[in-house]
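Asks: here is a sequence with its predicted model. Questions after.
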Amino acid sequence: MADRRSAQQFSTERFKAFADAVVAIAMTLLILPLLESVSDAGAEGVATAEFFHENGGQLFSFALSFVLIANFWMEHHRQYTEVTSITPGLLWINIAWMATIVWLPVPTAMLGQMDTDSLQEVVYIGTLILTQITTLAARVYLLRRPEMTTATTARVRHGAAADIAAILLFGLALAVALLIGDQGYYALFLLVLTGVISNVIYRLWTHEKPQARDETA
């Protein structure tokens with residue numbers, strides 16, 4: 001039985017290298033629309049200042065998505081540094097996570113080059129929500145199989161609480177974006193509240209009082 005279980009597991013190092021490569025490619029793809037715009041501007045004799053003025057939307061969408069993907073990767077890296085084995089179930093959850101990362105350059109290009117509409121906002125922010133949901137799914141998987149990680153149950157629960165908080169804030173940002181239109185993407189800065197909300201969720205989840213937590217720290 002032990003040999004069969006081992007045969008169904010995948011190398012953690014190869015898995016992490018694969019995930020890192022996928023993220024690196026996705027982050028690189030974000031710049032391609034800007035490179036095309038530079039080529040067009042050069043052919044038309046557009047000055048540098050004029051280029052930056054005319055392509056402000058693309059620059060904003062590139063910077064926003066680059067930071068978001070970097071944040072997703074950092075959290076993924078922290079989580080899987082402590083994971084000791086990769087089962088088919090966990091692998092498929094991560095393949096879904098990587099699919100959302102690879103897809104993000106498409107709605108990013110839409111954000112930078114097309115007029116804002118409700119469907120565009122749903123596609124862009126909805127992709128971010130799906131990324132966070134797959135992250136949460138992996139943590140739930142690890143909570144049910146604690147032998148697969150060296151992280152404590154409390155640590156995994158803290159991470160899951162942060163995922164839930166981020167999902168709620170992404171959902172709120174989407175609602176705000178749908179209400180106010182063009183400037184709605186700035187609602188994504190609500191994510192700075194993730195830490196505060198995740199602490200509240202964790203305390204509700206574990207019924208832990210703030211002072212009790214301080215005493216055990």
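Replies: Right, received. Where do you want to start?
Asks: from now on I want contacts and neighbour counts done on CA atoms only, so please keep to that.
Replies: OK.
Asks: residue 143 and residue 77: what is the separation?
Replies: When Cα to Cα, to the nearest Å is the yardstick, residue 143 and residue 77 sit 18 Å from each other.
Asks: which one's more surrounded, those two?
Replies: Neighbours per residue, other Cα atoms under 10 Å: of residue 143 and residue 77, the larger number sits with residue 143, 20 against 14.
Asks: how near is that one to residue 89?
Replies: Distance check for residue 143 against residue 89: by Cα to Cα, it reads 13 Å.
Asks: next: residue 128.
Replies: Counting by Cα to Cα, the separation of residue 128 from residue 89 is 22 Å.
Asks: looking at these two, which one has more neighbours?
Replies: For residue 128 versus residue 89, neighbours defined as other Cα under 10 Å are more numerous around residue 128 (22 against 13).
Asks: wasn't the more buried one part of a strand?
Replies: No. Assessed with DSSP: H, G, I helix; E, B strand; the rest coil, residue 128 is helix; it does not lie in a strand.
Asks: test my guess that it contacts residue 171.
Replies: No. No contact is recorded between residue 128 and residue 171 when judged using Cα atoms under 8 Å, the distance being 9.5 Å.
Asks: now the residue most central in space within the chain: how far from residue 130?
Replies: Taking Cα atoms, centre = their mean as the criterion, residue 72 is the residue nearest the geometric centre of the chain, at 3.7 Å. When distance is defined by Cα to Cα, residue 72 is 12 Å away from residue 130.
Asks: same check, this time on residue 29
Replies: 20 Å.
Asks: ok, now residue 137?
Replies: Following Cα to Cα, the distance that separates residue 137 from residue 130 is 10 Å.
Asks: same question for residue 31.
Replies: Distance, residue 31 to residue 130, by Cα to Cα: 22 Å.
Asks: now do residue 189
Replies: Counting by Cα to Cα, the gap from residue 189 to residue 130 is 18 Å.
Asks: among those two, which residue is more densely surrounded?
Replies: Set side by side, residue 189 and residue 130 show unequal neighbour counts under other Cα under 10 Å, the larger going to residue 130 at 18 against 12.
Asks: pull the contacting residues for that one.
Replies: Contacts were defined as Cα atoms under 8 Å, 6 or more residues apart in numbering; by that measure residue 130 touches 97, 100.
Asks: thank you kindly, that will do.
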